[in-house]
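# Turn this into a structure:
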Amino acid sequence: MSLRDALRIPAREITDEAVYRDRRRLVAGLVAAPALALSGCADAEPPPAPAAVRVDPARMRSGFTTAETRTTYQDITHYNNFYEFGTGKADPSKAARTLRTTPWTVAVGGECAKPGRIALDDLIRGPTPEERVYRLRCVEGWSMVIPWLGVPLASVLKRFEPTSKAKFVAFTTLADRKQMPGLGYPALDWPYREGLRMDEAMHPLTLLATGIYGKPLLQQNGAPLRLVVPWKYGFKSIKSIVRIDFVEKRPFTSWNDYASNEYGFFSNVNPAVDHPRWSQKTERRIAGTTTRLFADRIATRPFNGYGDQVASLYAGMDLRKWF
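Numbers count the residues shown, from 1 in each chain. Next up is the predicted model:
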């Protein structure tokens with residue numbers, strides 16, 4: 001299945017965007033996340049991952065969508081953080097047009113039995129593309145509701161047969177000064193890098209996205225392939241991925257290295273732990289507009305509202321480590 005085929009949804013299954021944003025699905029609501037304990041030293045190394053706790057499949061599937069108003073395609077594609085194309089929110093939608101997204105290959109290596117460089121079409125071959133309507137919460141205090149199209153990350157990673165030494169998964173973004181003018185500024189240590197613990201990477205909510213609103217990702221949104229981890233702050237969802245590595249030790253991640261006191265490795269959404277320079281208790285939702293005007297502030301939920309699906313991954317951890 002080619003990337004084009006993976007993104008092709010039968011016309012009968014595509015809802016007009018205006019209708020799409022206004023409809024309300026009768027789905028099981030997310031229940032409140034458990035209370036979050038705050039104790040211990042925030043700088044200590046995290047304990048080993050707790051034993052997996054089985055989450056009821058129906059409860060897990062309830063996290064795949066939300067009845068909240070979708071952010072418009074216009075706003076999703078014109079209000080972006082992608083520093084490789086500038087630090088302003090409108091910069092990527094203009095500057096990212098220089099990014100060539102085809103052909104595209106991804107190198108997979110590290111602690112796995114079947115490493116190699118693979119074309120994107122082959123990387124996502126197999127699993128049926130799924131629509132996932134997820135909340136996206138930026139660490140800056142704004143949020144969106146985005147209908148992604150993609151494949152579960154776990155279904156892709158399993159094909160490379162990670163070994164027992166693979167405790168984390170590291171991701172790397174393309175870094176090409178000819179295509180990415182923002183690399184000329186030392187905003188971060190390029191290339192942009194991110195990482196997940198293995199159980200986070202294999203979690204059913206974690207998605208490799210190839211589209212939005214049934215359309216292929218635009219460059220400013222991380223084309224042609226980006227990560228989506230909906231219970232973490234948005235900077236964890238790395239864009240324009242060119243490398244995936246299975247590693248034994250916690251990998252380097254760009255924002256955590258840049259300012260570890262402000263951006264933690266885990267970076268799970270936690271309204272009880274403020275960023276050192278602003279509160280995380282509330283957020284401004286970009287939704288239902290065509291002018292990118294923020295709605296009134298709304299309360300931020302633990303794990304971005306996905307605690308029912310993911311809180312068990314962090315049982316016993318000091319939740320201040322998120323920052």
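
# which residues does residue 253 contact?
With CB atoms under 8 Å, 6 or more residues apart in numbering as the criterion, the residues that contact residue 253 are 193, 194, 195, 265. Glycine gets a C-beta too; all of them are placed from N, C-alpha and C.

# Find the nearest non-adjacent residue to the second one, please.
So the one you mean is residue 194. Spatial nearest neighbour of residue 194, chain neighbours left out: residue 238 (4.1 Å); criterion: CB to CB, 6 or more residues apart in numbering.

# tell me the contacts of that neighbour?
Neighbouring residues of residue 238 by CB under 8 Å, 6+ apart: 171, 172, 173, 192, 193, 194, 222, 226, 227.

# picking up where we left off before, if you rank the contacts of residue 253 by neighbours, which is first?
Scoring the contacts of residue 253 on neighbours with other CB atoms under 10 Å, the highest-scoring entry is residue 194 at 26 neighbours.

# C-terminal to the helix or strand that that residue is a member of, what's the next element?
In this structure, residue 194 sits in strand 193-197 according to DSSP states H and E. Moving toward the C-terminus from strand 193-197, the next helix or strand (DSSP H and E) is helix 198-201.

# circling back to that earlier point, the residue nearest to residue 194 and residue 219, how far apart?
Look at residue 238 and residue 219: by CB to CB, to the nearest Å, they are 15 Å apart.

# re earlier: could you verify that the residue nearest to residue 194 is part of a strand?
No. Counting by DSSP: H, G, I helix; E, B strand; the rest coil, one finds residue 238 to be coil, located in no strand.

# can you pull the pLDDT of it?
As summarised for this prediction, residue 238 has a pLDDT of 98.

# which residues of the stretch 1-150 of the chain fall in helices?
3-7, 17-22, 57-61, 73-78, 91-95, 120-123 (DSSP state H, counting those that start in this stretch).

# elements contacting the third one?
Translated: helix 57-61. With contacts defined as 3 or more CB pairs under 8 Å, 6 or more residues apart in numbering; DSSP states H and E, helix 57-61 has these neighbours: helix 307-310.

# Could you pull up the mean pLDDT of the helix it packs on?
Mean pLDDT, helix 307-310: 96.

# Would you pull up how far it lies from the middle of the chain?
Centroid displacement of helix 307-310 relative to its chain, using CA atoms, centre = their mean, to the nearest Å, is 16 Å.

# need the contacts of residue 253 in a markdown table with pLDDT and distance to residue 213, can you?
Shown next, in a markdown table, are those (pLDDT from 0 to 100; distance: CB to CB, whole Å):
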| residue | pLDDT | distance to residue 213 |
| --- | --- | --- |
| 193 | 98 | 28 |
| 194 | 98 | 24 |
| 195 | 98 | 29 |
| 265 | 94 | 31 |
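
# need those in JSON lines with distance to residue 317, can you?
As requested, these are exported to JSON lines (distance: CB to CB, whole Å):
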{"residue": "193", "distance to residue 317": "23"}
{"residue": "194", "distance to residue 317": "19"}
{"residue": "195", "distance to residue 317": "17"}
{"residue": "265", "distance to residue 317": "12"}
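
# between those, which is nearest residue 110?
Checking the contacts of residue 253 against residue 110 by CB to CB gives residue 195 as the nearest, at 11.3 Å.

# Would you mind naming the residues that bridge with that closest one?
On the basis of DSSP bridges, residue 195 is bridged to residue 170.

# Quick one: residues contacting it.
Contacts were defined as CB under 8 Å, 6+ apart; by that measure residue 195 touches 168, 169, 170, 171, 247, 250, 251, 252, 253, 265.

# Next: residue 115.
Listed by CB under 8 Å, 6+ apart, the contact set of residue 115 reads 108, 109, 160.

# In strands, which of those appear?
With strands defined by DSSP state E, the entries of the contacts of residue 115 inside them are 108, 109.

# If any of the contacts of residue 115 are buried, put those into a PyMOL selection.
The PyMOL command for the buried members of these (criterion: 16 or more other CB atoms under 10 Å) is given here:
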select buried, resi 108+160
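
# Looking at the contacts of residue 115, which one is closest to residue 280?
Using CB to CB, residue 108 comes nearest to residue 280 of these, at 34.1 Å.

# Filter the contacts of residue 195 down to just the buried residues.
For the contacts of residue 195, burial is judged from neighbour counts taken by 16+ other CB under 10 Å, and it is met by 168, 169, 170, 171, 247, 251, 253, 265.
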